[in-house]
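Chemist: I need the structure of the sequence given here:
(one chain, ligands or ions: 1)
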Amino acid sequence: MDLLKRIIYPTHRASDSTLRNHFEGKWVVITGASRGIGWELAQTLIAAKANLFLIARSEAELKALCEEAGKAGCTAHYHAIDLRDREALTQLCEDLRNQCPYVDYLFVNAGKSIHRRLTDSLDRLHDFDRTMDLNYRSLVALSLSLQPHLRAVKGKIIYTSSISTIYPSAPGWAAYHASKEAANVWCRTADAEYSTYGVAVKIAYMPLVHTDMSDVNATYRQMPAFSAKEAADVLLYLALNGRHSYMPWWARVSKPFADVFAPVVRFVYRHFL
Ligand SMILES: NC(=O)c1ccc[n+]([C@@H]2O[C@H](COP(=O)([O-])OP(=O)(O)OC[C@H]3O[C@@H](n4cnc5c(N)ncnc54)[C@H](OP(=O)(O)O)[C@@H]3O)[C@@H](O)[C@H]2O)c1
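Modeler: Numbers count the residues shown, from 1 in each chain. The predicted structure follows:
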């Protein structure tokens, strides 16, 4: 199992000195910093002495991270907010512009996944609003608002997407995948436009990660997966290299086959899922 995990989920840990060389004194904004992948990302960046602006709903966790950052000699702010709240999001954008002199890295990582079949969704239009507001709209709002701050230093936006968006659509995932795919398209378009100004917009097509989000599913709990720390390392690896996206090696290999054999995949979905 351990060997299988290492083959399917090769790690991308940069050395402490590389991280410090790149991130010390840089302004980094992270959404979804209170737990899971975002929390690990914040921890690594505190060790690298970055300045942080941390965003999520859980105030106690964000405050604790900021205190830790302060002790490590970093400047850190937090804003506890439900990113689906449009008025609060407008206020957050203003606070960000005022409190960060510029933005070197914007990690748009907060996310919500919902698995529910459309036949069970007749009275649940709000599932689609909630996933769009969090997984897509907050990305757009933050990226537009911080555009001048990113352009000032040729900054980077890194979006935590999902590997499952590259495969034929699976039953039950309409709300989650539609919102993630909307964000993917937005990121690719923004990358094409912003590259003129030296701003890169990158997508991490993340495979399974053991966090609160995935571990609610008993099957996922048993499967090999990245740890939250390893997933945070992937985001940093993508932030530091010249690529526009990250996906694991097996996704690059399997995607063309999944496209060619989409009718077979759909048959399996129809009869076995
Ligand atoms: N885990 C996986 O297998 C996996 C795979 C592919 C992609 N991803 C993506 O990875 C990202 C991070 O997920 P994770 O696995 O680390 O999940 P997680 O442990 O559940 O963390 C989600 C983070 O998003 C924040 N968040 C959730 N709803 C929010 C809201 N309405 N407003 C503000 N913040 C909110 C949470 O903080 P609060 O609850 O404090 O608000 C938390 O910090 C997500 O975008 C997810 O789609 C995960």
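
Chemist: Tell me the predicted confidence for the residue lying closest to T18 once chain neighbours are set aside.
Modeler: Of all residues not flanking T18 in the chain, L240 sits nearest, at 7.3 Å (Cβ to Cβ, 6 or more residues apart in numbering). In short, each C-beta sits where N, CA and C put it, glycine included. Note for L240: predicted pLDDT of 97.

Chemist: which SSE is the residue nearest the centre of the chain in?
Modeler: The chain has T160 as the residue nearest its centroid, 2.1 Å off, counting by Cα atoms, centre = their mean. Assigned by DSSP states H and E, T160 belongs to strand 156-162.

Chemist: Do that strand and the ligand come into contact?
Modeler: Yes: against the ligand, strand 156-162 shows contacts by Cβ under 6 Å from any ligand atom at T160, S162.

Chemist: outside of that strand, which residues touch it?
Modeler: With Cβ atoms under 8 Å, 6 or more residues apart in numbering as the test, strand 156-162 has contacts from 32, 37, 104-109, 111, 113, 139, 143, 150, 176-177, 180, 183-184, 187, 190, 199-206, 235, 238-239.

Chemist: Then stretch 251-271?
Modeler: I163, I166, Y167, P168, A170, P171, Y205, P207.

Chemist: The top helix by length along the chain vs the ligand: in contact?
Modeler: Secondary structure of the chain per DSSP state H: the longest helix is helix 174-194. No: Helix 174-194 stays clear of the ligand (Cβ under 6 Å from any ligand atom), getting no nearer than 6.6 Å.

Chemist: could you point out which element follows that helix?
Modeler: Past helix 174-194, the next helix or strand by DSSP H and E is strand 200-206.

Chemist: wait, what's in contact with the nearest residue to D104 once chain neighbours are set aside?
Modeler: If the residues on either side of it in the chain are set aside, D104 comes closest to K26, at 4.0 Å by Cβ to Cβ, 6+ apart. The contact partners of K26, by Cβ under 8 Å, 6+ apart, come to A50, N51, D104, Y105.

Chemist: what do you get if the cut-off is 10 Å, keeping everything else the same?
Modeler: L45, A48, K49, A50, N51, L52, Y102, V103, D104, Y105, V153, G155 (Cβ atoms under 10 Å, 6 or more residues apart in numbering).

Chemist: Filter the residues you listed down to the buried ones, ChimeraX style.
Modeler: Here is the ChimeraX command that picks out the buried ones among these, judged by 16 or more other Cβ atoms under 10 Å:
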select :45,48,49,50,51,52,103,104,105,153,155
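
Chemist: Tell me the residues of the stretch 1-150 of the chain that contact the ligand?
Modeler: Of all the residues in the stretch 1-150 of the chain, those lying near the ligand are 32-38, 56-58, 82-84, 109-113, 134, going by Cβ under 6 Å from any ligand atom.

Chemist: what do you get if the cut-off is 5 Å, keeping everything else the same?
Modeler: 32, 34-38, 56-58, 82-84, 109-112, 134 (Cβ under 5 Å from any ligand atom).

Chemist: ok now the worst-scoring helix or strand of the chain on mean pLDDT, how far from the chain's centre?
Modeler: Taking mean pLDDT, DSSP states H and E as the measure, the helix or strand of the chain with the lowest value is helix 262-272, at a mean of 85. Here helix 262-272 is found 29 Å from its chain centre; the criterion is Cα atoms, centre = their mean, to the nearest Å.

Chemist: What residues sit buried inside that helix?
Modeler: V265.

Chemist: Put the alpha carbons of it into PDB.
Modeler: Extracted in PDB, the C-alpha atoms of helix 262-272 (Å, rounded to 0.1, in the frame of the first residue of the first chain):
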ATOM      1  CA  ALA A 262     -16.100   8.100 -22.800                       C
ATOM      2  CA  PRO A 263     -19.100   5.900 -24.000                       C
ATOM      3  CA  VAL A 264     -17.700   3.000 -22.000                       C
ATOM      4  CA  VAL A 265     -17.200   5.200 -19.000                       C
ATOM      5  CA  ARG A 266     -20.800   6.400 -19.300                       C
ATOM      6  CA  PHE A 267     -22.000   2.800 -19.600                       C
ATOM      7  CA  VAL A 268     -20.200   2.000 -16.300                       C
ATOM      8  CA  TYR A 269     -21.700   5.100 -14.700                       C
ATOM      9  CA  ARG A 270     -25.200   4.200 -15.900                       C
ATOM     10  CA  HIS A 271     -25.100   0.600 -14.800                       C
ATOM     11  CA  PHE A 272     -22.800   0.500 -11.800                       C
END
